[in-house]
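1. Below is the structure, and that's it, no one-letter string:
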């Protein structure tokens, strides 16, 4: 959580732009709250100071983030009888950021923490068994870092790395402290060292992207943002960082977030198949108007029907209706990906080729992915759910470059001259 509190410094600096500073009052109160929290362990005083900061500037994104981070920290340590109340307070801050911070790094972090609060974390970063000496040194290093005593934390991080060199988490923490001190070349190398021992550590890739930005290596930063996403497609802070880098380098931003239909299949008392479909956005009584909206609505409807039919045995494994009079029969699908692929292919039959200057659409992106023979990569990176998450690590190992290529060529393509 420490980098959440520090909040991706490089990206935030770029987003703010030169000469844009926080109002001194709000900044001063947040700093006071941090000191009460990390150094004096005065949690009531810290919360009061965060509240004062927001009273002074109710729309300050950083004050909301820091207060939410503090409440999240308390939530992780709360007694059972207080946990729900503290969690609700933390969730309110991150929901506010999600709504009001656009697609900035603040909103990305807010969505990531919201998933943790909801227990919807599908990808955990790797852990290794470290000796007690490493844990002790790391704990002291983290305490010093949280108190913003970055220089003092370095020796403890070094001790922790020496005691447990296989830990990507420890190496990433060490590199982050070096980064905060402005040693960007060294920090970049230390982040690479962390990735060498833990190739899919999402935070190491995103933080390395920050360092590459500072060093002026925009192409390298773009790739590291993409690798952070490939490491964990649900990592919203990395998606937000990618958008900032892509737009800063003149690339298009074509990511479209969408909520998948809920499709459930079962058997009724008479033995007949029963399916339920909930189609978000199609039950609000608002008819799609533009060609793109019509395609999106039609594709989601076809996707839901095909998926329900396959699960219920009404359709075969490819989403085609069984012969008339044939009884519904369970489909033996080799994977969750196979189910999604079959439903997506049926949906794409109703999607027309996107118009050249039309805004990006979810199903238009999938159509482009299919033409580029990157449909499976697109499904994993844009339609992830709990069941797909179980299959993703193996796919990532075998098809990592296809995942990178989908993001690079479909979601953040180069602007055509």
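-> That came in fine, so what should we check first? From a predicted model like this one, the values you see are computed outputs, not experimental measurements.

2. helices and strands of this structure: which one has the lowest mean pLDDT?
-> helix 9-16 (a mean of 36; mean pLDDT, DSSP states H and E).

3. do you know how far residue 357 is from residue 261?
-> Here residue 357 is placed at a distance of 29 Å from residue 261 (Cβ to Cβ, to the nearest Å). Where C-beta positions appear, they are placed from N, C-alpha and C, glycine not excepted.

4. Among those two, which residue is more densely surrounded?
-> The residue with more neighbours, out of residue 357 and residue 261 and counting by other Cβ atoms under 10 Å, is residue 261; that gives 20 against 5.

5. So the more buried one sits against residue 306, correct?
-> No. Contact criterion Cβ atoms under 8 Å: residue 261 and residue 306 do not qualify, at 10.6 Å.

6. what's the overlap in contacts for those two?
-> The contact sets of residue 261 and residue 306 do not overlap (Cβ atoms under 8 Å, 6 or more residues apart in numbering).

7. average pLDDT across the helix or strand containing residue 46?
-> Using DSSP states H and E, residue 46 falls within helix 43-56. Across helix 43-56, the average pLDDT comes to 95.

8. Which elements pack onto it?
-> helix 24-38, helix 61-77 (3 or more Cβ pairs under 8 Å, 6 or more residues apart in numbering; DSSP states H and E).

9. List the contacts of the shortest one.
-> Residues outside helix 24-38 that contact it (Cβ under 8 Å, 6+ apart) are 5, 21, 42-43, 45-47, 49-50, 52-53, 56-57, 60, 62-63, 66-67, 70, 73, 143, 146-148.

10. Mind checking which of the residues you listed are buried?
-> Among these, those classed as buried by neighbour count (16 or more other Cβ atoms under 10 Å) are 5, 46-47, 49-50, 52-53, 56-57, 60, 62-63, 66-67, 70, 73, 143, 146-148.

11. ok so, going back, what's the angle from the helix holding residue 46 to helix 24-38?
-> Here helix 43-56 runs at an angle of 160 degrees relative to helix 24-38 (axes from the mean of the first three to the mean of the last three Cα atoms, to 10 degrees).

12. okay, the angle between helix 43-56 and helix 61-77?
-> Using the same axes, to 10 degrees, helix 43-56 lies at 150 degrees relative to helix 61-77.

13. starting at the chain centroid, how far to helix 43-56?
-> How far helix 43-56 lies from its chain's middle: 28 Å, per Cα atoms, centre = their mean, to the nearest Å.

14. Can you give me every residue that contacts residue 332?
-> residue 317.

15. Fine, thanks again, bye for now.
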